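K.L.:
Below: sequence and its predicted model.
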Amino acid sequence: MMEKNQGSNLANIEEIHIPKQLWQQIKDHCRRKLEGKYLPGETKVKRAYGLLAGTVHDKFASCQKVFFFKKNARMVEPLKSYMDSVMERYAVASKTPLSQRGWITDPEELRQCYEMCDKEGLTAIGTYHMHIVPWDHDPLRDTPTKLDRVLAKNSSLYCFIVSMVDPEKPIIRAFYEGIKEKEVPIVFT
Amino acid sequence: MAKIIIPSPLRRHTDNRREIVMDAPDLATAMKGLLDQYQGLNFITEEPELLSVFVNGKLVEGGQEKWKEVALNDNDEVTLIIPIAGG
């Protein structure tokens, strides 16, 4: 097992490489959730949340694996109260009730995910979630919202936004800690 | 001595170290030692409801108030988890 990794370089990379088959897995995950098809033990919400892990090099990060989170701890205390307060303060009004918005990882599921990353010599590169509703001022919804930025603060991870406004033409973009000015281009390999 | 396992997103605050070895009789002492040594990690206690601590894979219930009651033995593994979230 590695005593050290290269995670500290994530903020300074210039590209993120995602193999096409991984991008396909992410699209399949998002489409399945949009269709309301759930796996055993999976929280039944039309939200997809996952983590991309891989290796970090001087100029780029290379994604090698996707973890699909199953449990949304959004309604589990004390995380529920935290998410409620953040939502009330930063979420843009939407037809979806605040209580049904957002995903926060179950601590045990995340612990297992990080443990698996360590066993496989992978570094967490970022998380993804989808935006599905077009806004008048942002019809593609392929950038992070203020809420995304608040939730990604101090994460040291990329916030991957998957626009599923048109499920036939999904878009994925990557922003360090959800900051629009810190977008890094994605290269499909 | 117990080992504190740092998940990869937090390692930029620990000189990229995955494991921090702590000679501490209990979890409270170990956490204080960790945060004294790596002050960049102090933000993890600013919103205490977000921090989950596991000892040998088992969640420590009851928050920071209970840490003093959690004895640590040689080779115990303490894992820190800050949940990640999206809108």
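P.N.:
Nice, I can see it.

K.L.:
And the helices in chain B?
P.N.:
Listed in chain order, the helices of chain B (DSSP state H) span B:27-37.

K.L.:
okay, and the helix or strand of it with the least pLDDT?
P.N.:
strand B:85-86 (a mean of 92; mean pLDDT, DSSP states H and E).

K.L.:
so what secondary structure elements neighbour it?
P.N.:
With contacts defined as 3 or more Cβ pairs under 8 Å, 6 or more residues apart in numbering or on different chains; DSSP states H and E, the packing partners of strand B:85-86 are strand A:103-104, strand A:123-131, helix A:146-152. The C-beta positions use only the backbone N, C-alpha and C, and glycine is treated the same way.

K.L.:
What helices and strands are in contact with the shortest one?
P.N.:
Going back to what we said before, that points to strand A:103-104. When contacts are defined as 3+ Cβ pairs under 8 Å, 6+ apart, strand A:103-104 sits against helix A:79-90, strand B:85-86.

K.L.:
circling back: closest one to residue B:4 among the helices and strands packed on strand B:85-86?
P.N.:
Closest approach to residue B:4 among the helices and strands packed on strand B:85-86 is made by strand A:123-131 (17.6 Å; Cβ to Cβ).

K.L.:
What are the contacting residues of the worst-scoring helix or strand of chain A on mean pLDDT?
P.N.:
Among the helical and strand segments of chain A, the one scoring lowest on mean pLDDT, DSSP H and E is helix A:79-90, with a mean of 91. Where contact means Cβ atoms under 8 Å, 6 or more residues apart in numbering or on different chains, the residues beyond helix A:79-90 that reach it are A:73-74, A:98-99, A:101-102, A:104, A:145-147, A:150-151, B:47, B:49-50, B:83, B:85.

K.L.:
Which of the residues you listed are buried, as a ChimeraX select command?
P.N.:
Restricted to the buried members of the contacts of helix A:79-90, where burial is judged by 16 or more other Cβ atoms under 10 Å in any protein chain shown, the ChimeraX selection command reads as follows:
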select /A:73,74,101,102,104,145,147,150,151 /B:50,83,85
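
K.L.:
ok, which stretches of chain A are helices?
P.N.:
Secondary structure of chain A, counting by DSSP H: helices at A:20-34, A:79-90, A:107-119, A:146-152.

K.L.:
Tell me which of the ones you listed is the most buried.
P.N.:
Most buried of the helices of chain A, by mean neighbour count (mean count of other Cβ atoms under 10 Å in any protein chain shown): helix A:146-152, with a mean of 21.

K.L.:
give me every residue that touches residue B:20.
P.N.:
Contact criterion Cβ under 8 Å, 6+ apart gives B:3, B:4, B:6, B:14, B:34, B:37, B:38 as the residues in contact with residue B:20.

K.L.:
Return the members of those residues classed as buried.
P.N.:
When the contacts of residue B:20 are checked against 16+ other Cβ under 10 Å, the ones flagged as buried are B:3, B:4, B:6, B:14, B:34, B:38.

K.L.:
Tell me which of those fall in strands.
P.N.:
Counting by DSSP state E, the buried ones among the contacts of residue B:20 place B:3, B:4 in strands.

K.L.:
Could you export the buried ones among the contacts of residue B:20 to CSV, including columns for pLDDT and distance to residue A:179?
P.N.:
Putting the buried ones among the contacts of residue B:20 into CSV (pLDDT from 0 to 100; distance: Cβ to Cβ, whole Å) gives the following:
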residue, pLDDT, distance to residue A:179
B:3, 96, 33
B:4, 97, 29
B:6, 96, 23
B:14, 95, 23
B:34, 96, 28
B:38, 96, 24
